[in-house]
Structures are given as structure tokens and as C-alpha cells.
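> Build me a structure from this.
(one chain, ligands or ions: 1)
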Amino acid sequence: MTDRPATPGEAPRSHGRLSIRASASPRSLMDGPPQVKGAWEARVVTLFPEAFPGTLGLSLTGRALEAGLWRLATFALRDFGEGRHRKVDDRPAGGGAGLVLRADVVDRALAAAAEGAPEDPARWPVIYLSPRGRPFRQEDAARLAAAEGVTLLCGRFEGVDERVLEARAVEELSLGDFVLSGGEIAAQAVIDACLRLVPGVLGNPQSTAEESFADGLLEFPHYTRPAVWQGREIPPVLMSGDHAAVARWRREAAEALTRARRPDLWEAYLRRRDPG
Ligand code: SAH
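Below you'll find the predicted structure:
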């Protein structure tokens, strides 16, 4: 995903210069890797492509990116801006504070990001990260990870002109009930959660099967050496070597934690366990 077509009417010199600057540093990581056929791909539309790969370039996700086990492409909104100054935003209709990302600019960027991707949203979801969206949950991560790839639109300022979201039937997902300055951190969080579920990215698939939310419960507590720390012992059953007892303890601890901390998850868990 290196070569994006120039927007019609663009001055070639300016386009070249801007696109080089916009993606100078992450380029090597994002475009260097071997092309693994059918690798899961994230396409990110953002004013700040230099924010990527960000934390996704570290550790397991970073090594998997280098190995080509997943792909990352950024589409710099600025490249699709209007006029000589590549303007991407304007004042909100109806007045008020702040700026709104223009529908025509975002539309051109989303069109470029859609090239070569399936139109079926089940195969390739197109998502706007937004505090107004449905809360992003582990089941969404599983759905997105099972698709061929995903396009993520990062907002800035007051957000995006509503009409482009309607026209392109963009799905909205929220990271939680708080307001970030931009969608980039949210996009990285979503991609990271998906990558844990993309085969081959995490070393040990067993660890995702046991994690929080995998079975609707929060995860049990973890311990490691030293056996006694500041007078606190590791629960003796975990040192007993009795695998069945360990499994029972972990299940009970997960249930107790979920019940105490997340009554909403606990209710849903009970309903699934004892339907009717
Ligand atoms: N005026 C908007 C907030 C804009 S914040 C409102 O009140 O709803 C700027 C951008 O940050 C948004 O366009 C969105 O892309 C991103 N963002 C902010 N909070 C977010 C959240 N909780 N989850 C996902 N994205 C978020």
C-alpha cells in the first residue's frame, strides 16, 4: 500500500513533497516487510500518519509487522485537502467552537483507502473512532480480526462532517465514555486488540483463550516469584501442583472478581450460563 493515486487536479510537485514528509519515519516499518499473502491489514485515515505504527511497532505486534504477518497503511488526510494549503477542516455550521473535518476531504481519503478492499462491510469494516459510537468490546475485536482487514478513520477537532459518515455508511465505535483529542490512540487500541486474535501474531493462542472477556469473565489474578513478597504469600493452591485444584481456584477467583467489579458482565454471564 505505498502508491496512492494523486487526487485529480493536484499539483504533482506539492503532492510528492507532502506525501514524503507525511509518512517519512514510519515508512520503513510499514512498507519494508515481505508481502505475506492474505495478511490481515489495517488502513488508517488520519491527519497524523507519523503517529503510526506507534506502540504497534513494539514487541510482538512490531515483530509481526516486520515479518509481514499483518499490514499497516496510512492515508494522510492532508494529501486529500483542498487548494494550495491542503485545507482539511472548516468552522462548524451553526456556529460554536472548534473546527470540523470536511466531508469532501474525508470522502476522498476514504475512497483511496477503499481501493482494492472488498465493499462488503462484513469482509472489510470501515470504522470511525468516536465517543458517540457503540462501545468497542472483545467481540468486536474478534469480528474485525476475522475480516480481511479494516479501515479506521481518526477524527480530530470537533469531529467529522456527518454527511460523509452517512454517505459511506461508516460504523462508529467508541473506546469508552471519555473524550480523546483525536482518534489515533483509539485506532491503535482497536488494531492492537484485533492483532491479539489474528493467527500467528501472538506467540501463544492459548493465552488469548484464557484472557479477560474470552468467556465473559474478568481474568483471575496472576502471581510469580518470589513466593513471599513483603509478607504476602502466593495462594498456596497455585504452588500445589494440583492442576484441577488450580483450575477450580482460577475459575472461582474470576467469578468473584467479575461479580464484585462488573455487575453488568456478571449478569450477562449468569444469563448465558442458566438461560431461562
Ligand atoms: N466533539 C466530539 C469529540 C471530538 S474529539 C464529541 O463531543 O463527541 C476528536 C476525535 O477524537 C473524534 O473525532 C474521535 O475520532 C476521537 N475520539 C475522542 N474520544 C474518543 C473515544 N472515546 N473513542 C474513540 N475515539 C475518540
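
> Show me which residues of the stretch 1-150 of the chain are close to the ligand?
Counting by Cβ under 6 Å from any ligand atom, the positions of the stretch 1-150 of the chain adjacent to the ligand are 129-132. (C-beta placed from N, C-alpha, C; glycine too.)

> Out of the residues you listed, which two sit at the greatest distance?
Farthest-apart pair in those is 129 and 132; separation 10.3 Å (Cβ to Cβ).

> Please identify every residue contacting each of the two.
Taking Cβ atoms under 8 Å, 6 or more residues apart in numbering as the criterion, residue 129 and residue 132 both touch 172, 174.

> More neighbours: the two, which one.
Ranked by neighbour count (other Cβ atoms under 10 Å), residue 129 and residue 132 place residue 129 first, with 26 against 10.

> Quick check: the residue of this structure nearest the ligand.
Of all residues in the chain, residue 155 sits closest to the ligand, with a separation of 1.9 Å (Cβ to the nearest ligand atom).

> ok, that residue - contacts?
Residue 155 makes contacts with 101, 128-130, 182-183, as judged by Cβ under 8 Å, 6+ apart.

> same thing but at 6 Å, please
residue 183 (Cβ atoms under 6 Å, 6 or more residues apart in numbering).

> What's the per-residue pLDDT of it here?
We have a pLDDT of 98 for residue 155.

> now swap in residue 209 and tell me
We note a pLDDT of 80 for residue 209 in this prediction.

> for the one 10 residues further on, same thing?
Reading off the confidence values, residue 219 has pLDDT 96.

> neighbours of it, just the number please.
Close neighbours of residue 219, defined as other Cβ under 10 Å, add up to 16.

> Let me know the secondary structure of the nearest residue to residue 257 once chain neighbours are set aside.
Leaving aside its sequence neighbours, residue 257 sits nearest to residue 218 (Cβ to Cβ, 6 or more residues apart in numbering; 4.8 Å). The assignment at residue 218 comes out as coil when based on DSSP: H, G, I helix; E, B strand; the rest coil.

> For residue 218, which residues are in contact?
Counting by Cβ under 6 Å, 6+ apart, the residues that residue 218 touches are 212, 257-258.

> Hmm, which of these is lowest in pLDDT?
When these are compared by pLDDT, residue 212 scores lowest at 87.

> Verify the stated contact: that residue with residue 222.
No. Residue 212 is not in contact with residue 222 according to Cβ atoms under 6 Å; the separation is 11.4 Å.

> For the two, indicate the residue with more neighbours.
Neighbours were counted for residue 212 and for residue 222 using other Cβ under 10 Å; residue 212 has more, 16 against 8.

> Look up how far residue 174 lies from the more buried one.
For residue 212, the distance to residue 174 equals 19 Å [Cβ to Cβ, to the nearest Å].

> now swap in residue 45 and tell me
17 Å.

> Which one's more surrounded, the two?
Ranked by neighbour count (other Cβ under 10 Å), residue 45 and residue 174 place residue 45 first, with 28 against 18.

> Quickly find the element holding that one.
strand 40-46 (DSSP states H and E).

> what residues does that strand touch?
Identification of contacts with strand 40-46 by Cβ under 6 Å, 6+ apart yields 52, 70-75, 109, 113, 149-154, 184, 187, 191, 198.
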